[in-house]
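# My questions concern the predicted model and sequence given below.
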Amino acid sequence: MKHWEITKTKKLKKTLLILFALSASLWVNAQVKNFTEPEKPLTRILFIFDASTSMIERWEGDKKFNKAKELMFELLDSLEIIQEEENLEIALRVYGHQSPVPPPDCFDSKLEVAFGQNTIGLIKDKLNTITPKGTTPIAYSLGQSEGDFPECDDCRNIIILITDGIEMCHGDPCEVSLALQKKGVVLKPYIVGVDIDVSLTNVLDCMGNYFNAANEVEFKQAINTIVAQVTNLTTVTVNLLDTDGKPLETNAVMSFHDNLSGDIRYTYMHTMNKTGKPDTIYLDLLSVYDLKVHTIPARFKDSIKLKEGVHNVINVPAPQGTLFVDILGDTAINSQIKCIVRKAGISETLYILDADKRQKLITGLYNLEVLTMPRSYFDAVNIEQNGFNHIVIAEPGEVIINFKAPSYGTLLHENGDILTNLYDFKPGQTHYKFRLQPGFYRIVYREKNKFQSINTGETKFRVKSGDFIIENL
């Protein structure tokens, strides 16, 4: 092989190696991303911009409106860079720009740019055409914003209100904001106050997350904080604690609900990672959460507020042990028998489990009702941390009952002088098959075509574990 051919071959091999390494790196990164970062829901940010007459006043060397618009454009430029990666849509509502005062028009509010793709340029163009002239209908604007968000099953709806004043009409912005949050329309809104008297902080703070921007620097700081919160998830670990306070419980579903609306925001299966520690999950910073851990019974932790910039740890006591209701004999058949689980002293059904299935329960005392024939009862069953409570029920026997003619009658369990009704026979059926627990039984019956009590028939029998009995009547 000639020298130039050898050199060409070496270059080709080197190129292939680089391409292979690059593709391998991309594949690894993709796998890591798939396993560590949740798919981001659509985030929709509605800006509500104040264009009332007070925005003509001077602030930081220019009119408030012009300066706020300039800073808003910087924000939009930042959002445009990350828009596709963060899965963002942006819309604009403006108030106080259509009807001059006096008189005040308390319905002067309009969605100027609806949600959609690539709306940032449209928002800039629209703001450049607006002149402040009207009043400040904040409550009305917030109320109207409900219709600005199209229906969506998995969206984060966020309002950022930029204003230099308080409500000038008759509405209550705080009440409207709270109603929107309770209905699950939006997460807690952000309010940026442009050069607002600090004595009015409480009036605006009740609407949501309030930032007071006394100058340009504080305005930028507020916007940067908001964008960081809006576009970022934070890491969380949930520790399911045993009776010793150690995070050793796992494999339970966790649902995170919005504290105000009750809407389900996230569901995770609690997992231990490869190092044997509770795995990291990702949650939105913007919600206050109520956590339900779906153990039996469930464990709850309410009003969880996550902190920005740190790894959040949530501790939930959830000590568990195992219950096993074991019916001896044919497992395939016995597993169809149900067991009603109740907390000791409480009549309400807590859970229904299959017999012959191991089930974890929160530690404590339980009453069990197993739907054998007759039913089997176990009171004050103690479930201890990491304990294994094995309830053994004798193997039933199989009983076949044949009537020579259609009959009225009842199958009864006999316990001394106590007779308990187990089954009422159907007058149109003559063949029956039961699985009965060991014990004494009797059948009392009368053929359908006989009409006197003296025609009553009775037969008694005993069932032992594993018996096969045929009763021909």
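Received the coordinates, thanks.
# Report how many residues lie close to residue 81.
9 (other C-beta atoms under 10 Å). C-beta: built from backbone N, CA, C; applies to glycine.
# what does residue 136 give?
28.
# Same question for residue 109.
A count of nearby residues for residue 109, using other C-beta under 10 Å, gives 26.
# quick one: it and residue 135 touch, right?
No. Using C-beta atoms under 8 Å, residue 109 is not in contact with residue 135, being 10.1 Å away.
# Next, show the common contact partners of these two.
Counting by C-beta atoms under 8 Å, 6 or more residues apart in numbering, the residues touching both residue 109 and residue 135 are residue 96.
# average pLDDT for the host helix or strand of residue 434?
Element membership for residue 434, per DSSP states H and E: strand 431-436. For strand 431-436, mean pLDDT rounds to 96.
# which residues are in contact with whichever helix or strand comes after it?
Downstream of strand 431-436, the first helix or strand assigned by DSSP H and E is strand 439-447. The contact list for strand 439-447, computed with C-beta under 8 Å, 6+ apart, reads 374, 399, 401, 403, 405-415, 419, 422, 425, 453, 455-463, 471, 473.
# One more: stretch 152-159?
With C-beta under 8 Å, 6+ apart, stretch 152-159 has contacts from 41-46, 48, 142, 145, 149, 185-187, 189-190, 208, 230, 284, 286.
# Mark which of those residues are buried, thanks.
Those of the contacts of stretch 152-159 that meet the buried threshold are 43-46, 48, 142, 145, 149, 185-187, 189-190, 208, 230, 284, 286, by 16 or more other C-beta atoms under 10 Å.
# Can you flag which of these belong to strands?
43, 44, 45, 46, 48, 190, 284 (DSSP state E).
# ok, which pair from those is furthest apart?
48 and 284 (21.0 Å; C-beta to C-beta).
# Can you list the low-confidence ranges for the protein?
1-39 (pLDDT under 70).
# Apply 50 and report the result again.
1-35 (pLDDT under 50).
# Could I get the full set of helices for it?
Using DSSP state H, the helices of the chain run over 3-36, 64-86, 120-128, 138-145, 173-182, 201-205, 216-231, 331-334.
# residues in contact with the fourth one?
Helix 138-145 is contacted from outside by 46, 48, 93, 95, 106-107, 109, 111, 159, 161, 163, 166-167, 169-173, 175-177, 180, 185-186, 189, 207, using C-beta under 8 Å, 6+ apart.
# Kindly report the same for the shortest one.
Contacts made with helix 331-334 from outside it, assessed by C-beta under 8 Å, 6+ apart, are listed as 327, 328, 355, 356, 396, 435.
# repeat that with 6 Å
327, 355, 356 (C-beta atoms under 6 Å, 6 or more residues apart in numbering).
# And that helix, what's buried?
Buried residues in helix 331-334 (16+ other C-beta under 10 Å): residue 334.
# Off-centre distance for it?
In terms of C-alpha atoms, centre = their mean, to the nearest Å, the centre of helix 331-334 is found 35 Å from the chain centre.
# Then the fourth one?
Centroid separation between helix 138-145 and its chain, computed with C-alpha atoms, centre = their mean, is 28 Å.
# got the angle for it vs helix 173-182?
If you take axes from the mean of the first three to the mean of the last three C-alpha atoms, to 10 degrees, helix 138-145 sits at 20 degrees to helix 173-182.
# As CSV, could you dump the C-alpha coordinates of helix 138-145?
Provided in CSV are the C-alpha atoms of helix 138-145 (Å, rounded to 0.1, in the frame of the first residue of the first chain):
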residue,chain,number,x,y,z
ILE,A,138,-56.7,45.0,38.2
ALA,A,139,-59.5,42.8,39.6
TYR,A,140,-61.4,42.8,36.3
SER,A,141,-58.2,42.1,34.3
LEU,A,142,-57.4,39.1,36.6
GLY,A,143,-60.9,37.8,36.2
GLN,A,144,-60.8,38.1,32.4
SER,A,145,-57.5,36.3,32.3
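# now residue 150: how far from residue 44?
Counting by C-beta to C-beta, to the nearest Å, the gap from residue 150 to residue 44 is 9 Å.
# same check, this time on residue 265
In terms of C-beta to C-beta, residue 265 sits 15 Å off from residue 44.
# Next: residue 65.
Distance from residue 65 to residue 44, by C-beta to C-beta: 25 Å.
# Kindly report the same for residue 119.
Distance of residue 119 to residue 44, computed by C-beta to C-beta: 11 Å.
# Please apply the same query to residue 413.
Remark: distance between residue 413 and residue 44 (C-beta to C-beta) = 64 Å.
# what do you get for residue 131?
In terms of C-beta to C-beta, residue 131 sits 28 Å off from residue 44.
# picking that back up, columns distance to residue 385 on top of the ones in strands among the buried ones among the contacts of stretch 152-159, output as CSV?
Output for those, formatted as CSV (distance: C-beta to C-beta, whole Å):
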residue, distance to residue 385
43, 42
44, 46
45, 47
46, 50
48, 53
190, 45
284, 34
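# What is the nearest of the residues you listed to residue 270?
Using C-beta to C-beta, residue 284 comes nearest to residue 270 of those, at 18.8 Å.
# Quickly list what that closest one is bridged to.
Legend: beta-bridge partners of residue 284 under DSSP bridges are residue 233.
# residues touching residue 172, list them.
Here residue 172 is in contact with residue 139 (C-beta under 6 Å, 6+ apart).
# Could you measure from it over to residue 99?
22 Å.
# Same check on residue 210?
Note on residue 210: its distance to residue 99, by C-beta to C-beta, is 27 Å.
# Check residue 273 too.
Residue 273 is 59 Å from residue 99, by C-beta to C-beta.
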